[in-house]
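Predicted model, plus sequence, below.
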Amino acid sequence: MHASHSWRVTLQAVFLFVFAGISARAQDSEIRIGAVLPITGKESKIGGAYKAATELAVKEVNDAGGLLVRGKKMKVDLRLLDDTSDAAKSAQLVEQLIVQQKVHAVIGGYGSQLVQAQSVVPERYGIPFISGGAGASSIYGRSKWVFGTLSPVENLAETQMDFLFDLVKQRKLKAPLKISLLRENTEHGKDFQKGVREFVNAHPKQFSIVLDESFELYAPDFRPLLMRVEAAKGDLFMCDAHLEDYIAMHRTYTQMGLYHQMVTYGARGADEAGRKALGAATDYIFASGWWSDLLPYPQVKAFNAKWKAATGNNPQWYHACAYETVRALFAAIQNAGSLQPDAIRNALARLVLKDSILPGGVLRFSKTGEATLPFVVTQNKPAGKLDLVWPKAAKTGEPVAPIPR
Amino acid sequence: MQQLVSVTLSALLAAGLYATMAYGLAVIYGVMRIINLAHAGFMMLGAYVTFTLFSRFSLDPFIGLVVVGPLFFFFGVVLYRAVGKSMARSGATPSIESLLLLFGVWLVLQNLAYVIWTGDTQSILTSYTMKSIEIFGVHVGVPSVFVFLASAASLIFLNVLLKRTYLGKAIRAVTQNRDAALLSGVDADRISATAFGLGTAFAGIAGGMLSTLMAFTPDFGRSFLLKAFCIIVLGGMESVTGVALGALVLAVLENVLGAYTPVPTSLQDAVSFALLFVALVAFPQGLPALFARFERKAIR
């Protein structure tokens, strides 16, 4: 008797909860979008940039009257929270946005560690989640609700190898080439290593790996590691590193008088902070990125102008990726014509954003939820000049290879 | 042969760097029995002050240390006067209050740095940053050589201060037995404030020197703190010569493993912690005490 009574109460509670939810959604007069970003703390620099780009994308839509859903324009209410670059807090805030603020979708943060922590929450509540700041493959494919606009880091390495392979084909570099491969001991680094290894395994006549080592983040002394690099006598130096480690390592590399025909630090190289810290020692380093303002597409030129008008500065890759993440989500909401989580999620999975500002010009997601866009390759030139050297169709200058001694 | 020279030089330079990071921590622990968790925060602040002196006043980072040292000494004394009552004053083990308090100070300093300098990565590029000199055919970075020389000068300064001056003798007296020092008329509170100032000054100087070698953010210093702990445990916690010795042992081990074994260099930190573990178990009083024990045995 007691048992059946408690069952009835529970069922009533469930119905009330579901009904309340449905009626709350039925009465939606605006689209609630949550965002959790590292606005303060160690990731604040790029986190702050993500905030600015997200707000710009939302403002543009609201200035135009909002998004078209069920035949009427609805404004976007952005609820942006700061996780202070703390992974535990980041996940907690995503939960808070979903449970308490009943957002229709969540925009994830910047940094693979933070997004990894966030990405377990959407599955629990069945809410679409899209991030523009995490390239580690391990984040994707575990939940159907998680999407990301950064192509996997593995593709970054593959793009660099494609670029090097093309230099071999052009006879600028002479095969066979020995690679000294270093990577930071993170998911990002592992993906980089995997990308290089797979390419080398597929092209054994052109490339071989003579050194494959990892290092801990923020190591105080890179000399022992670089002594191994020196002893390995590689032709190419390929490393995946954070900005701080790139600066410290390349200082030691230069002081030790090391030389390789081509040098890369993965996504690092074109950064203003790196060039300021290393001066002419960064000349001819090539780097891969998720975006470049040098891309020759009309939509990129329009975005550059729009960003400059809004902020007074030239956009960086993180501004573009954050902006495009919001645009992808908004396009999916309009395509879904509904604010139901399932409908938005399915629209994201089917999305083909044809006027994308990202490399390739078309943004779509793979089965695992990751965007699979090509990367761009830039090469630093003397006097602070930077050229886009890959893809070939978009290049603004000829790649210099091998690096002059 | 060339590799041996290279490994020896690398180990020496790294030892200079490591010792610099650890002196301040050892001075404060020796006198006050406090594990200064704010040490990393002081180093970070030292890096930023050096950076500001360089970028605003074009002051060379190594000359800037002449400003950083006294400034941080004063800061340390003021900090001790402000919160020193909450720290341990006697006893052989650090109090939990002092640990929490100094951890709090570290967090405050870190957030203060975010407010003042933002989270942007900063670095110092001088005319000699990328230059190197050739020693026995091995290229070594000029800033690393300067750091090594500054570290050797710090060791001499601290040894002279502790062994040849009244202040030094008073510091050693408080280090050995605070109550007995008090009974002998030593103002232990003033000595503690001075030692805290001295430790803070050395942390600031270490940060200033590290800023010439690497880039930094307000998060800077965390990984160095762990290494510095290992060094002072190895060096005997109270002896600056021991600290230099501990730094040398750690640097030699890391470089030899890097050059002559297939052990991945990513295990460098694991080497530090393994050494810390061995030191705590096998010779908790540090290397100087271990050598003294061997010496006594040999005499017998």
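All right, it came through fine.

what helices or strands is the longest helix seen in chain B leaning on?
Scanning chain B for the longest helix, with DSSP state H as the assignment, gives helix B:2-32. Applying 3 or more C-beta pairs under 8 Å, 6 or more residues apart in numbering or on different chains; DSSP states H and E, one finds that helix B:2-32 contacts helix A:223-232, helix B:39-57, strand B:138-141, helix B:142-164, helix B:166-176, helix B:188-210, helix B:222-235, helix B:240-260. From N, CA and C alone the C-beta is placed, and that goes for glycine too.

List the contacts of the nearest residue to B:Val27 once chain neighbours are set aside.
Sequence neighbours aside, B:Gly199 is the residue nearest to B:Val27 in space, at 4.3 Å (criterion: C-beta to C-beta, 6 or more residues apart in numbering or on different chains). B:Gly199 makes contact with B:23-25, B:27-28, B:36, B:39, B:76, according to C-beta atoms under 8 Å, 6 or more residues apart in numbering or on different chains.

So, low pLDDT: which residues of the stretch 51-200 of chain A?
Within the stretch 51-200 of chain A, no stretch has pLDDT under 70.

any idea how far the closest residue to chain B within it lies from A:Ala117?
Residue nearest to chain B within the stretch 51-200 of chain A: A:Asn185 (5.1 Å; C-beta to the nearest C-beta). If you measure A:Asn185 against A:Ala117 using C-beta to C-beta, to the nearest Å, the figure is 19 Å.

Could you check which of those two has the larger neighbour count?
Taking other C-beta atoms under 10 Å in any protein chain shown, A:Asn185 and A:Ala117 do not tie; A:Ala117 has more neighbours (23 against 16).

Would you agree that one is in contact with A:Ser85?
No: between A:Ala117 and A:Ser85 there is no contact under C-beta atoms under 8 Å: 11.1 Å.

ok, B:Ala195 touching B:Gly30?
Yes: using C-beta under 8 Å, B:Ala195 is in contact with B:Gly30, at 7.5 Å.

anything in contact with each of the two?
Common contacts of B:Ala195 and B:Gly30 (C-beta under 8 Å, 6+ apart): B:Ile171.

who in the stretch 201-350 of chain A is up against chain B?
Contact residues (C-beta under 8 Å from any C-beta of the partner chain) of the stretch 201-350 of chain A with chain B: A:213-221, A:223-225, A:227-228, A:231, A:243-244, A:247-248, A:251-252, A:254-257, A:273, A:276-281.

cool, and the stretch 51-200 of chain A?
Near chain B, when you scan the stretch 51-200 of chain A using C-beta under 8 Å from any C-beta, you find A:Asn185.

coming back round to it: show me the residues around the residue of the stretch 51-200 of chain A closest to chain B that make contact.
Applying C-beta under 8 Å, 6+ apart, we find A:Asn185 in contact with A:214-217, B:266.

and of those, the nearest to A:Gln299?
Nearest to A:Gln299 among the contacts of A:Asn185 is A:Leu217, at 36.0 Å by C-beta to C-beta.

Test my guess that the closest one contacts A:Glu184.
Yes: under the criterion of C-beta under 8 Å, A:Leu217 makes contact with A:Glu184 at 5.8 Å.

Quick check: neighbours shared by these two?
A:242, A:245.

Can you pick out the residue with more neighbours from the two?
More crowded of A:Leu217 and A:Glu184, by other C-beta under 10 Å: A:Glu184, with 24 against 14.

got the contact list for whichever strand or helix holds A:Asn380?
Using DSSP states H and E, A:Asn380 falls within strand A:376-381. Applying C-beta under 8 Å, 6+ apart, the contact partners of strand A:376-381 are A:159-160, A:163, A:269-270, A:275, A:282-292, A:294-295, A:359, A:386-391, A:394, A:397, A:399-400.
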